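# Mind looking at a prediction? Sequence and model below.
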Amino acid sequence: MKALPAAVAAALALMAGVAHAQNYPARPVRMIVPFTPGGSTDLYARTLSPRLGDALGQQVVVDNRAGAGGALGADLAAKAPPDGYTIWIGQTANLAIGPALRKKSPYDPVRDFAPITMVQRASSVFVVSASSPLKSLKDLIALAKKSPGVTYGSAGVGTAGHINGFLVARMAGIELLHVPYKGASPAMLDLQAGRIATMATSIGSSAGLIKQGKIRAIATTGARRAPALPDVPTVAEQGVTGYDIGSWHAVLAPAKTPAPIVARLNKELVAILNQPDIRDKLSHEGGEVMPTTPDEAAAYIRAEVGKWAKLLKDANIPVE
């Protein structure tokens, strides 16, 4: 039997994809969160999934798969069938930072995924326990100069929290000791207990604890003060000139997910992200809600992958 001409084969594949999309979804959709419950990525998933389930007429089940700084869940998503029944929330850590820090990443952040939409970009915040004597980032820098090896926690190697701390230390000329955790929640528990000195985390996941007086914000990481924490000075304002590190999140599917399904998911998610109560809730993260087209999301992620690869190489951060 002769092989079909390429144009005919492509047309048949497109028709099959359209037919599949017309019946989509016929069962629940899994949304992988590559971190433990309680962090910003989990917050986004649990905010978006009920509304997305309503829009699709099927339940969207959040599946937390923490480990390796978000790489475990990302790899699981990359290897899932490209049928629209597995989507995931990726972010700076496992799409831009982690792959650049590993000699061999188990997945390619550009080739292995079909971006659906960006969700948000935001600053992070350095926090300390309420009982800490540190009142500012200047205090932290002064302590580290006097006693090298002050500890900082993160949600794992290659996460935004890890790199925020590393770059503060590098740019301020101090030595900080990194303590990686499996997620932001266990790191936050140790911070409150005084077992680590500081950590950089998302504003949304820490704002409640800051307001309750259980932890103290000492610096935000963007070029400008975060709208959610207007009284907290930036890292740059406190003497680390040029420091400007943000994070972002996106919803993605495995590569080769049919374009009509990606378009359907994009349509529903963009509508959800534009709902006033959702925008208000996500804005408490301290940043900007940014729904996009799939092509815009893909271009943004490609640019960020390149930017972070150069930044980490120039900073001479060890590859693991």
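Thanks, I have the structure now.
# can you give me the strands for this protein?
Along the chain, the segments classed as strands by DSSP state E run 29-33, 60-64, 86-91, 113-129, 150-154, 176-180, 198-202, 215-220, 246-254, 287-289.
# Pull out the C-alpha coordinates of the second one and format them as CSV.
Taking only C-alpha atoms (Å, rounded to 0.1, in the frame of the first residue of the first chain), the coordinates of strand 60-64 have been written out as CSV:
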residue,chain,number,x,y,z
VAL,A,60,-10.8,19.3,36.5
VAL,A,61,-8.9,17.3,39.2
VAL,A,62,-5.8,18.9,40.7
ASP,A,63,-3.0,16.4,41.0
ASN,A,64,0.0,17.6,43.2
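# list the contacts for the residue sitting nearest the centre point of the chain?
Nearest residue to the geometric centre of the chain (C-alpha atoms, centre = their mean): Q91, 2.8 Å. Contact partners of Q91, counting by C-beta atoms under 8 Å, 6 or more residues apart in numbering, are S40, T41, G70, A160, S247, W248, H249, A250. C-beta coordinates here come from the backbone N, C-alpha and C atoms, glycine included.
# Mind doing that once more with 7 Å?
Going by C-beta atoms under 7 Å, 6 or more residues apart in numbering, Q91 touches T41, S247, W248, H249.
# I'd like the distance between the last one and L312.
By that I understand H249. Here the criterion is C-beta to C-beta, to the nearest Å. By it, H249 lies 20 Å from L312.
# And for D54?
Taken as C-beta to C-beta, the span from D54 to L312 is 40 Å.
# more neighbours, those two?
Taking neighbours as other C-beta atoms under 10 Å, D54 and L312 compare with L312 leading, 20 against 13.
# Isn't the more buried one up against P99?
No. The criterion here is C-beta atoms under 7 Å, and L312 misses it with P99 at 10.1 Å.
# which neighbours do these two share?
With C-beta under 7 Å, 6+ apart, L312 and P99 have no common neighbours.
# Can you name the two of the contacts of Q91 that sit furthest apart?
Farthest-apart pair in these is T41 and W248; separation 11.0 Å (C-beta to C-beta).
# what's the weakest-modelled helix or strand in the chain?
Ranked by mean pLDDT, DSSP states H and E, the weakest helix or strand in the chain is helix 6-22, scoring a mean of 55.
# Just the mean pLDDT for stretch 255-272, thanks.
Taken as a whole, stretch 255-272 carries a mean pLDDT of 98.
# List the contacts of that stretch.
With C-beta under 7 Å, 6+ apart, stretch 255-272 has contacts from 17-18, 20-21, 24, 48, 51-52, 55-56, 82, 84, 87, 111-114, 116-117, 251, 253, 278, 291, 293-294.
# Report the distance from that stretch to the chain centre.
Distance of stretch 255-272 from its chain centroid, counting by C-alpha atoms, centre = their mean, to the nearest Å, is 20 Å.
# Likewise for stretch 181-189?
Per C-alpha atoms, centre = their mean, the centroid offset for stretch 181-189 relative to its chain is 15 Å.
# Identify the residues contacting it?
Contacts for stretch 181-189 (C-beta under 7 Å, 6+ apart): 35-39, 66-67, 153-156, 199, 201, 205.
# what does stretch 22-36 give?
Applying C-beta under 7 Å, 6+ apart, the set of residues contacting stretch 22-36 from outside is 41-42, 45, 49, 56, 58-66, 70, 72-74, 76-77, 84-89, 94, 155, 182-185, 261, 264.
# measure the residue lying closest to A21 once chain neighbours are set aside to A226 for me?
Once flanking residues are discounted, A21 sits nearest to P260: 3.4 Å by C-beta to C-beta, 6 or more residues apart in numbering. Here P260 is placed at a distance of 38 Å from A226 (C-beta to C-beta).
# quick one, which of the two is more surrounded?
A226 (21 against 17).
# how close does that one get to A77?
Here A226 is placed at a distance of 29 Å from A77 (C-beta to C-beta).
# now swap in T159 and tell me
17 Å.
# same thing with V61?
Taking C-beta to C-beta, one finds V61 at 14 Å from A77.
# neighbour count winner among those two?
Ranked by neighbour count (other C-beta under 10 Å), V61 and A77 place A77 first, with 26 against 12.
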